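Colleague: sequence unknown, structure follows:
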């Protein structure tokens with residue numbers, strides 16, 4: 001009797017997951033991606049060109065909630081201080097120490113790469129997937145939900161669509177394929193070593209590959225901290241220019 005009841009519960013759980021809509025799945029992706037109240041980490045950044053030559057950097061990343069993010073390079077010396085700040089209301093800024101002044105990133109240049117990496121300003125802005133993208137469920141396998149994401153009405157993007165592979169066990173977005181305006185696959189984001197630290201899932205390794213340039217950016221996270229009550233003063237233009 002207990003065995004039959006357990007099978008019934010398993011059946012109910014499986015049915016409930018099978019009936020999730022694309023919108024519900026994407027909301028769960030957001031919930032796991034932005035679960036911490038705030039987060040901080042150091043990152044080892046490796047740039048790999050088409051000939052396999054590597055360039056190494058270090059960076060810091062601060063995030064608060066779903067709409068405040070600061071990224072700053074700390075090494076090597078020639079790029080130290082270059083930073084990116086993303087704030088609500090589509091307010092994104094870049095700081096280049098050589099000019100000693102930050103500038104707001106206009107919509108038409110969001111497709112430019114940040115400091116030689118394979119991440120554009122659009123890729124880095126602090127915005128949940130649900131805010132920007134309209135989801136469609138293409139497929140559900142045992143391991144992944146496959147979603148097609150197209151820009152919501154009123155939202156602009158340099159991409160015609162994204163194809164997201166979110167894990168079925170925890171809804172973490174493990175891989176994202178980016179398609180350009182001509183609907184050609186142009187970049188692939190892959191997250192590896194997805195681990196649970198405290199209450200939160202995080203990818204220790206992230207790779208963004210630009211297929212057009214045959215260029216790759218790899219990130220390895222270190223010194224990961226969650227829920228440390230980061231001050232709002234961190235997420236200001238004044239701090240960006242510090």
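Modeller: Right, received. Where do you want to start? Values in this document were obtained by computation on a predicted structure and should not be read as measured data.
Colleague: gap between the residue nearest to residue 186 when sequence neighbours are not counted and residue 160?
Modeller: Once flanking residues are discounted, residue 186 sits nearest to residue 180: 4.5 Å by CB to CB, 6 or more residues apart in numbering. All C-beta spots, glycine's among them, are computed from the backbone N, C-alpha and C. Using CB to CB, to the nearest Å, we find residue 180 at a distance of 7 Å from residue 160.
Colleague: hmm, back to that, the residue nearest to residue 186: neighbour count?
Modeller: 16 (other CB atoms under 10 Å).
Colleague: That one: what's it in contact with?
Modeller: 158, 159, 160, 186 (CB atoms under 8 Å, 6 or more residues apart in numbering).
Colleague: Surely the second one touches residue 176?
Modeller: No - applying CB atoms under 8 Å, one finds residue 159 not in contact with residue 176, separated by 9.9 Å.
Colleague: give me the element the nearest residue to residue 219 once chain neighbours are set aside is part of.
Modeller: Among residues not flanking residue 219 along the chain, residue 206 sits closest, at 4.5 Å (CB to CB, 6+ apart). Using DSSP states H and E, residue 206 sits in strand 200-210.
Colleague: Against which helices or strands is that strand packed?
Modeller: Applying 3 or more CB pairs under 8 Å, 6 or more residues apart in numbering; DSSP states H and E, we find strand 200-210 packed against strand 185-197, strand 215-226.
Colleague: Parallel or antiparallel, list what pairs with it.
Modeller: If you go by DSSP bridges, strand 200-210 pairs up with strand 185-197 (antiparallel), strand 215-226 (antiparallel).
Colleague: Point out the most buried one among those.
Modeller: Ranked by average neighbour count under the criterion mean count of other CB atoms under 10 Å, these are headed by strand 215-226 at a mean of 17.
Colleague: Need the contact partners of that one.
Modeller: By CB under 8 Å, 6+ apart, strand 215-226 touches 36-50, 117-119, 197-200, 202-210.
Colleague: after that strand, next one along is what?
Modeller: Heading C-terminal from strand 215-226 (DSSP H and E), you reach helix 237-240.
Colleague: where do the helices sit along the chain?
Modeller: Along the chain, counting by DSSP state H, helices occupy 2-18, 22-33, 121-124, 129-132, 237-240.
Colleague: And the ones you listed, which one averages the lowest pLDDT?
Modeller: Mean pLDDT values for the helices of the chain show the minimum at helix 2-18, a mean of 51.
Colleague: for residue 23, what are its contacts?
Modeller: 130, 135.
Colleague: what does the one 4 residues further on give?
Modeller: For residue 27, the contacting residues are residue 130, taking CB under 8 Å, 6+ apart as the criterion.
Colleague: how near is residue 159 to residue 120?
Modeller: For residue 159, the distance to residue 120 - CB to CB - is 9 Å.
Colleague: cool, residue 56 as well?
Modeller: For residue 56, the distance to residue 120 - CB to CB - is 21 Å.
Colleague: So if I had to pick from those two, which one is more boxed in?
Modeller: Neighbour count, other CB under 10 Å: between residue 56 and residue 120, residue 120 has more, with 21 against 11.
Colleague: Count the residues that sit near the residue nearest to residue 58 when sequence neighbours are not counted.
Modeller: Leaving aside its chain neighbours, residue 58 sits nearest to residue 75 (4.0 Å; criterion: CB to CB, 6+ apart). Residue 75 sits with 13 neighbouring residues when counted by other CB under 10 Å.
Colleague: With distance to residue 130 added, can I get the strands paired with strand 200-210 in TSV?
Modeller: Shown next, in TSV, are these (distance: least, CB to CB, whole Å):
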stretch	distance to residue 130
strand 185-197	18
strand 215-226	22
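Colleague: and the nearest residue to residue 110 once chain neighbours are set aside, what does it touch?
Modeller: Of all residues not flanking residue 110 in the chain, residue 122 sits nearest, at 4.1 Å (CB to CB, 6+ apart). Neighbouring residues of residue 122 by CB under 8 Å, 6+ apart: 110, 111, 157, 158, 159.
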